[in-house]
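Chemist: build the 3D model from these lines:
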Amino acid sequence: MQRYFAIIEAPRHQGYVKHKLCDILSIVMCAVLCGMDELCDIMAYAQNKADFLRTNFGIERSPPSQP
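Modeler: Residues are numbered from 1 along each chain as shown. Predicted structure coming up:
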């Protein structure tokens, strides 16, 4: 799945990018499929499932969180 997300262009300034767009899209997709629909719920899902995301999707960095 990440190979499909990787072809999406990310028009972000590279100096400010901490997380790859394909990682963010993978996290959001998994969280939404699990019933999360609020940003705070998606962030909590990413924190709670960090090992799952690392193992199954190769997301190495810590999940994005609220600044």
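Chemist: how about residue 44: what's its closest non-neighbour residue?
Modeler: With CB to CB, 6 or more residues apart in numbering as the measure, residue 36 is the residue that lies nearest to residue 44, at 8.0 Å, once sequence neighbours are left out. C-beta: built from backbone N, CA, C; applies to glycine.
Chemist: cool, and residue 28?
Modeler: Across the structure, with CB to CB, 6+ apart as the measure, the residue nearest residue 28 apart from its sequence neighbours is residue 42 (6.0 Å).
Chemist: what sits against that neighbour?
Modeler: Contacts of residue 42 were listed using CB atoms under 8 Å, 6 or more residues apart in numbering, and they are 27-28, 31-32, 36.
Chemist: rerun that using 7 Å as the cut-off
Modeler: Contact criterion CB atoms under 7 Å, 6 or more residues apart in numbering gives 28, 31, 36 as the residues in contact with residue 42.
Chemist: most neighbours among those residues, which one?
Modeler: Highest neighbour count within these, by other CB atoms under 10 Å: residue 31, with 22 neighbours.
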